[in-house]
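# Predicted structure and sequence below. I'll ask about it afterward.
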Amino acid sequence: MGNRGMEDLIPLVNKLQDAFSSIDQSCNLDLPQIAVVGGQSAGKSSVLENFVGRDFLPRGSGIVTRRPLVLQLISANAEWAEFLHCKGKKFTDFDEVRQEIEAETDRVTGANRGISPVPINLRVYSPHVLNLTLIDLPGITKVPVGDQPVDIEQQIRDMIMQFITRESCLVLAVTPANTDLANSDALKLAKEVDPQGELARATTTDG
């Protein structure tokens with residue numbers, strides 16, 4: 001399929017993802033996407049924001065990403081963002097985008113740092129992006145905090161595996177530059193589903 005074929009496919013993929021999200025369901029179809037996987041404080045947010053060229057993701061300690069964020073980048077002449085759950089509202093201030101992600105996360109998961117597989121769908125239109133669909137997933141953790149369930153590690157692993165086991169999903173494994181890659185939880189998960197390294201790519205960050 002050439003570039004023209006991909007140009008035709010991407011809008012269709014976006015519509016299908018929106019349709020599933022509108023009924024609070026994860027999209028279980030094998031659609032082309034890049035899943036960003038890493039441990040807590042691995043630098044996933046910085047990697048994603050570099051794709052967009054804007055700071056717009058929540059930051060903090062512990063599990064900050066508590067719902068999958070389906071980030072659809074669409075090349076356009078102007079720059080704005082919109083959420084599927086806020087139809088008709090254009091966000092031009094990316095600080096407001098961050099606040100809306102936090103509010104929508106708490107709406108479903110509550111404020112107890114729990115997680116949910118129900119995705120948040122965000123589209124960013126910009127002249128500075130390529131047409132891509134990325135999935136931001138909760139950071140891999142091993143110790144529950146506050147009133148998180150004791151099996152939080154398994155819940156996050158199950159959520160990540162739901163996305164990265166799809167053949168059409170490219171795994172972007174993010175690991176801090178000061179961590180031995182042999183101990184990277186993200187790479188371990190990627191190798192588990194893609195032992196030949198055909199669908200996994202690794203990147204390191206300053207954390």
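Sure, I can see it. Numbers count the residues shown, from 1 in each chain.

# which non-adjacent residue is nearest the most centrally placed residue in the chain?
Centroid-nearest residue in the chain: Asp136, 1.2 Å away (criterion: C-alpha atoms, centre = their mean). Nearest non-adjacent residue to Asp136, counting by C-beta to C-beta, 6 or more residues apart in numbering: Leu69, 4.0 Å away. C-beta coordinates here come from the backbone N, C-alpha and C atoms, glycine included.

# Let me see the contact set for that neighbour.
For Leu69, the contact set (C-beta atoms under 8 Å, 6 or more residues apart in numbering) comprises 57, 101, 119-120, 122, 135-136.

# Report the beta-bridge partners for it.
Counting by DSSP bridges, Leu69 forms beta bridges with Ile120, Asp136.

# Just the buried residues out of the contacts of Leu69, in ChimeraX syntax.
For the buried members of those, the matching ChimeraX selection, counting by 16 or more other C-beta atoms under 10 Å, is:
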select :57,101,119,120,122,135,136
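
# Give me the pLDDT value at the nearest residue to Lys90 once chain neighbours are set aside.
Nearest non-adjacent residue to Lys90, counting by C-beta to C-beta, 6+ apart: Trp80, 4.5 Å away. Predicted confidence (pLDDT) at Trp80: the value is 96.

# thought Trp80 was touching Phe91?
Yes - judged on C-beta atoms under 8 Å, Trp80 makes contact with Phe91 at a distance of 6.3 Å.

# now His128, what's its secondary structure?
Following DSSP: H, G, I helix; E, B strand; the rest coil, we place His128 in the coil state.

# give the contact list for it.
52-53, 79.

# ok, now Glu79?
Counting by C-beta under 8 Å, 6+ apart, Glu79 touches 92, 124-128.

# Would you show me how to pick out the buried ones of the residues you listed in PyMOL?
This is the PyMOL syntax for the buried subset of those, where burial follows 16+ other C-beta under 10 Å:
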select buried, resi 124+125+126
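
# Can you give me the neighbour number for Leu137?
By other C-beta atoms under 10 Å, 24 other residues sit near Leu137.

# what sits against it?
Leu137 sits next to 35-37, 65, 68, 156, 159-160, 163 when contact means C-beta under 8 Å, 6+ apart.

# between those, which has the most around it?
In terms of neighbour count, Val37 stands highest of the contacts of Leu137 at 28 neighbours, by other C-beta under 10 Å.

# so it sits in a helix?
No - counting by three-state DSSP, Val37 is not found in a helix; it is strand.

# quick revisit: quick check, nearest of the contacts of Glu79 to Val108?
Nearest to Val108, judged by C-beta to C-beta, of the contacts of Glu79 is Val124 at 21.3 Å.

# ranges for the helices of the protein?
3-22, 44-52, 94-109, 152-164, 185-193 (DSSP state H).

# Out of those helices, flag the one nearest Leu84.
It's helix 3-22; of these, that one is closest to Leu84 (C-beta to C-beta) at 5.2 Å.
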